[in-house]
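Participant: next come a sequence and a model predicted from it.
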Amino acid sequence: MTNYKQERAQRVKEAFWGNTEYPDDLDEWNLANALRETINQLQQSPGVIMCADLLELCEEIEKL
């Protein structure tokens, strides 16, 4: 189960960072892409995202 959580967090992180390693190169596209990926990773059924899952995902991203 932990691997799934780590993979999910890694996908969101990659969506945010894109092809850049430098925060100065981030733009609105990166943020929008990360938000889309977050929704894709957390959506359990159409329109449902649990707050606890979002907080857990944030913790996993911080661990990366």
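Facilitator: Received, thanks.
Participant: residue contacts, the spatially most central residue of the chain?
Facilitator: Centroid-nearest residue in the chain, with CA atoms, centre = their mean: residue 12, separated by 2.5 Å. By CB atoms under 8 Å, 6 or more residues apart in numbering, the contact list for residue 12 reads 34, 37-38, 41, 57, 61. For glycine as for every other residue, the C-beta is placed from the backbone atoms N, C-alpha and C.
Participant: of those residues, closest to residue 5?
Facilitator: Residue 5 has its nearest neighbour among the contacts of residue 12 in residue 57, at 7.7 Å by CB to CB.
Participant: what comes up buried for stretch 38-49?
Facilitator: 38, 41-42 (16 or more other CB atoms under 10 Å).
Participant: hmm, back to that, what's the mean pLDDT across the helix or strand hosting the residue nearest to the centre of the chain?
Facilitator: Using DSSP states H and E, residue 12 falls within helix 2-17. Helix 2-17 shows a mean pLDDT of 83.
Participant: give the buried residues for it.
Facilitator: Residues 5, 8-9, 12, 15-17 are the ones in helix 2-17 that count as buried (16+ other CB under 10 Å).
Participant: any idea which of these is closest to residue 30?
Facilitator: residue 16 (5.5 Å).
Participant: any weak-confidence spans in this protein?
Facilitator: In the predicted model, the chain carries pLDDT under 70 at residues 1, 18-28.
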